[in-house]
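Asks: Quick check, what structure comes out for this input:
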Amino acid sequence: MTWTDTVRIPADVEAPDKIIGSFTARQVIILGGTGALIYGAYLAFGERIPLLAFAAVALPVAVAGILLAVVRHDGVSLDRYLLAALHHQHNPKQLVTAPEGIPAAPAWIAADPGRLPAPLRLPAQGIGHDGLIDLGPDGVAAVAEVSTVSFALRTPDEQDALVAVFGRWLNSLSGPIQILVRAERVNLSDTIADLHHNVPHLPHPALAHAAREHAAFLADLSARHDLLRRQVLLIIREPATGSRGHTAAASRAARRLEEASRVLGACGLTLKLLDPAATTGLLLACFDPTTPPPPDADLALPGDVIGGRW
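Replies: The predicted structure is shown next:
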C-alpha cells in the first residue's frame, strides 16, 4: 500500500515562527517586557500612590507595548519602523564621496557653516578592467545582462522544459546570486534625429517618406507615453579569502558566470558580462534614475585620470 501525504508549504517561507499562539518571539518579548515593567513599577510604587493614579500611568504604557507588538506599517512591525525613523532622524542627510573624511571648516569663517556632510560609505570600492565590482573585504561581484524568452507563447511541454532547466540551475548554485529586473526610461530623441539625418541619403522617395512617418510616429509616442524598457541582470558575488582573495574570487565569479551561461543557454537565454563602462553607467543609474546616463565617450571609469587639452 502506498501512502501519499500532502504537505502545505506557506507562501511566505521567511515568516517568523509562532512561539505562543499567534505571537512570534519578538512579540512575546515586547509584551512580556511591557508586563514586567508595569508589574515592577507596581511593586515599587503601588503602595505609595492611589490605584487609579497608577492605572492612569500604566494604561498608556500597556497600550504602547501592545501597539509595538501588534501593529505593522507598510509590512514592517511598528517597533522596527520607529527604530528606523529614529536612525534616519539622527543620521546626517547630506552624504558625499569623501573616503578620507570631511575636513572641518576653517577657523577664520565667521558664519556658521551648519552641519557638515558625512562620508558616503558604499560597498563598491571600484570597478576593475574586467567589469567586476570590487566590494573590498566582501569580495567581488559580477554583473551580467540576461536576455528574455516568451514563456506564455510556449507549449506546455516547452514550459515544463524551461522550468526544469531553470530549476536545475538553481539547484547547482554554490553561492549567493541576485536576479534584478530594472525598468528605465527610454529616450528616443537620438533615434528620431538619426532618422531625419538619414532621410536625404535614402535611395528612393518611398523609403524617405516611410522614414519621416516613422520618425513622426516615434515623436508622438514619446510625447504621449512614458516609455520604459526592462533590463534583467544577474549578479554573482564571491567572497574574498586569503592573501590572493580578490584574484581567486574573480576567477570563481567568472567560472560561475560561464556555468550559468552554459546551463541557461538550454532555455534560449544569453548572458553578457557588463564591461567597465556599462557597469559604471549602471551604478550611476541606480543612484540617480531620473537623470539620463551620459554617453560612454564622456564617462570616466574609476581610476582614470581626467584631463584636457590646453
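
Asks: any idea how far stretch 77-85 is from the chain center?
Replies: 21 Å (CA atoms, centre = their mean, to the nearest Å).

Asks: Buried residues, that stretch. List them.
Replies: Buried residues in stretch 77-85, counting neighbours by 16 or more other CB atoms under 10 Å, are found at 77, 78, 79, 81. From N, CA and C alone the C-beta is placed, and that goes for glycine too.

Asks: Out of the residues you listed, the closest to residue 66 would be?
Replies: residue 78 (10.1 Å; CB to CB).

Asks: OK, contacts around the residue nearest the centre of the chain?
Replies: By CA atoms, centre = their mean, the chain has its centre lying nearest to residue 180, at 7.6 Å. Residue 180 is in contact with 232, 233, 234, 235, counting by CB atoms under 8 Å, 6 or more residues apart in numbering.

Asks: out of everything not next to it in sequence, what's closest to residue 16?
Replies: If the residues on either side of it in the chain are set aside, residue 16 comes closest to residue 24, at 4.3 Å by CB to CB, 6 or more residues apart in numbering.

Asks: Ok, residue 78 next?
Replies: residue 71 (4.4 Å).

Asks: correct me, but the one you found touches residue 80?
Replies: No. Residue 71 is not in contact with residue 80 according to CB atoms under 8 Å; the separation is 11.2 Å.

Asks: List the residues that contact residue 24.
Replies: Residue 24 neighbours (CB under 8 Å, 6+ apart): 16, 17, 18.

Asks: And those residues, which of them are buried?
Replies: In those, nothing passes as buried (16+ other CB under 10 Å).

Asks: and those, which of them are in helices?
Replies: Among these, none falls in helices (DSSP state H).

Asks: Out of those residues, flag the one nearest to residue 85.
Replies: Closest to residue 85, out of all of those and judged by CB to CB, is residue 16, at 21.5 Å.

Asks: helices or strands next to the longest strand seen in the chain in the packing?
Replies: Counting by DSSP state E, the longest strand found in the chain is strand 228-238. Using 3 or more CB pairs under 8 Å, 6 or more residues apart in numbering; DSSP states H and E, the elements in contact with strand 228-238 are strand 140-146, strand 177-185, helix 245-264.
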